[in-house]
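Visitor: Next input, structure requested:
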Amino acid sequence: MNYLFKDKQALENIKNDVFYAEFIEDVKKLYETRAMSNIEVLPYSILKIYSETGSRKEYEDLYYRRRAILCSSFILYLLYEKEEDLKKLEDIILVICDEYTWALPAHFDLHSPLEEQKSASIYMSQKPVKL
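Guide: Okay, the predicted model is just below:
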């Protein structure tokens, strides 16, 4: 764990500080509702829904669930160093790296090759930073 955060006392202070208590409880609840189940598949057919119907919901629900698992797993592992949190974190990192794109469907043209697209989505740009 030393490679993640060297100041163990600072982590202990965060865990025991009333200021962070509500945040930590929210992270635990998020983890329990999202990360305790299997990581859902994000199929290409759901990615295509936006270009076919204009609906963002189907893709974004799965997309944001995965990001919630990433963030909650990381925070809980950082604070408590549980093996189960590390395994979930490793799994979700691999799954996110394997996504067709890190952009939301509304932010790119599904019918043009990705390498030819001239714009970068803020969502796409956030992924390397989080990972």
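Visitor: alpha carbons only for contacts and neighbour counts from here, please
Guide: Fine.
Visitor: Report the secondary structure state of the residue most central in space within the chain.
Guide: Residue closest to the average C-alpha location in the chain (C-alpha atoms, centre = their mean): R67, at 1.8 Å. Recorded secondary structure, R67: helix (DSSP: H, G, I helix; E, B strand; the rest coil).
Visitor: how far away is it from E40?
Guide: Using C-alpha to C-alpha, to the nearest Å, R67 is found at 12 Å from E40.
Visitor: swap in E58?
Guide: Distance check for E58 against E40: by C-alpha to C-alpha, it reads 12 Å.
Visitor: Next, the buried residues of the helix or strand containing E90.
Guide: For E90, the element it lies in under DSSP states H and E is helix 83-97. Residues of helix 83-97 classed as buried: 85-86, 88-89, 92-93, 96 (neighbour count, 16 or more other C-alpha atoms under 10 Å).
Visitor: What count of nearby residues applies to R65?
Guide: Using other C-alpha atoms under 10 Å, the number of residues around R65 comes to 16.
Visitor: Repeat that for Y44.
Guide: Counted with other C-alpha under 10 Å, residues neighbouring Y44 total 11.
Visitor: Quick check: closest non-adjacent residue to it.
Guide: Nearest residue to Y44, sequence neighbours excluded (C-alpha to C-alpha, 6 or more residues apart in numbering): Y100, at 7.8 Å.
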